[in-house]
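# Here is the input, now give the coordinates:
(one chain, ligands or ions: 3)
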Amino acid sequence: MADIPSAIPLEKIPQHVAMIMDGNGRWAIQRGLPRLAGHKAGTENLRRVIRASVEFGVKYLTIYAFSTENWGRPPEEVKGLMYILEDVIDRELNELNKEGVQLRHIGRLERLAPSLQEKVLDAIEATKNNDRLVLNVAFNYGGRDEIVLAIQKMMKDGIAPEQVTDELVSQYLFTAGVPDPDLIIRTSGELRISNFMIWQAAYAEWYITPTFWPDFDREEYYRALEAFAHRDRRYGKVSSGELQESNA
Ligand code: IPE
Ligand code: IPE
Ligand code: MG
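Ligands and ions are numbered 1, 2, ... in the order given. Predicted structure coming up:
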């Protein structure tokens, strides 16, 4: 395998990175802190990761912040996570604008408090002209829920069965117009997808690290990008190197 210099060539930088920000609870428990302290630390870390994404030249960053299954957590934790979202928007909106970050939401807003829904929509509106990085926040997001909603919408639109294609389904998802993730990073070592981007992840590369989310720093993010740069994405075919050899 050819050596890739330590600076990753731009064409090897994933266009879309998605992150399953896991391990906040265990990070806190290890320190004898309440789980919510872990979520707060996780939010602080998010700022670093957003900045690093802009620096590395990533164009789309999707972060899994609250799943449709996370409603099943104790009410205080759910309330705390809602509050954190609200607080983050209040505190970070200026910074997002300064960094050229366009905020988007994937998932359903309906179940959130009306004031929080409004806050999210206002922040989306306020950042809509930024174009350095698109930040997709998956909040009250579930991959199955997204597909169910897409099917319902297609049926309501009177789409005929023969009109249903890969491309059409993609257009009915929350991520319409966004390229599929090239790289999915999951922190805290769990080897599962947890209902995240189950359609879009079809050919994503995975990077799973035991590091808990609050400790996932710029250096480790860079290592994930380096690992990605060495991957041979075959998409079910044979590698381009092998093809050249067999043609020689
Ligand atoms: C991820 O951290 C954040 C959310 C799911 C909201 P966790 O809260 O799942 O942390 P662990 O997995 O319990 O350590
Ligand atoms: C996935 O983490 C959801 C988010 C990171 C928001 P979970 O902690 O909810 O996933 P499981 O329960 O370990 O699969
Ligand atoms: Mg978890």
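
# Strands along the chain, start to end?
All strands of the chain, identified by DSSP state E, fall at 16-20, 60-67, 101-106, 133-141, 183-186, 205-208.

# nearest spatial neighbour of residue 42, skipping sequence neighbours?
Excluding the flanking residues, the one nearest residue 42 by CB to CB, 6 or more residues apart in numbering is residue 24, at 4.2 Å. Every residue, glycine included, has its C-beta placed from N, CA and C.

# How many residues are close by that neighbour?
Counted with other CB atoms under 10 Å, the neighbours of residue 24 add up to 24.

# Centre-most residue in this structure?
Nearest residue to the geometric centre of the chain (CA atoms, centre = their mean): residue 62, 2.3 Å.

# check contacts around it.
16-19, 106, 135-138, 175, 178, 181, 197 (CB atoms under 8 Å, 6 or more residues apart in numbering).

# Buried ones only from those residues, please, as a ChimeraX command.
Buried residues within the contacts of residue 62, by 16 or more other CB atoms under 10 Å, are selected in ChimeraX with:
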select :16,17,18,19,106,135,136,137,138,175,178,181,197
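
# Just to check, residue 93 is in contact with residue 125?
No: between residue 93 and residue 125 there is no contact under CB atoms under 8 Å: 11.0 Å.

# So which of the two has more stuff around it?
Neighbour count, other CB under 10 Å: between residue 93 and residue 125, residue 93 has more, with 17 against 10.

# Ignoring the adjacent residues along the chain, who's closest to the more buried one?
residue 123 (5.6 Å).

# One more: residue 220?
Closest to residue 220 by CB to CB, 6+ apart is residue 211, at 6.0 Å.

# could you dump stretch 28-41 to CSV, C-alpha only?
In CSV, the C-alpha atoms belonging to stretch 28-41 read as follows (Å, rounded to 0.1, in the frame of the first residue of the first chain):
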residue,chain,number,x,y,z
ALA,A,28,-19.6,10.8,33.7
ILE,A,29,-20.1,7.6,35.7
GLN,A,30,-16.3,7.0,35.5
ARG,A,31,-15.8,10.4,37.2
GLY,A,32,-18.6,9.9,39.8
LEU,A,33,-20.7,12.5,38.1
PRO,A,34,-24.4,12.5,37.1
ARG,A,35,-25.1,11.4,33.5
LEU,A,36,-26.2,14.9,32.6
ALA,A,37,-22.7,16.2,33.4
GLY,A,38,-21.5,13.8,30.7
HIS,A,39,-24.0,15.3,28.2
LYS,A,40,-22.7,18.8,29.1
ALA,A,41,-19.1,17.7,28.5
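
# So for that stretch, mean pLDDT?
Mean pLDDT, stretch 28-41: 98.

# do stretch 115-122 as well
On average, stretch 115-122 scores 98.

# count of residues packed around the residue nearest to residue 220?
Residue 211, neighbours per other CB under 10 Å, totals 16.
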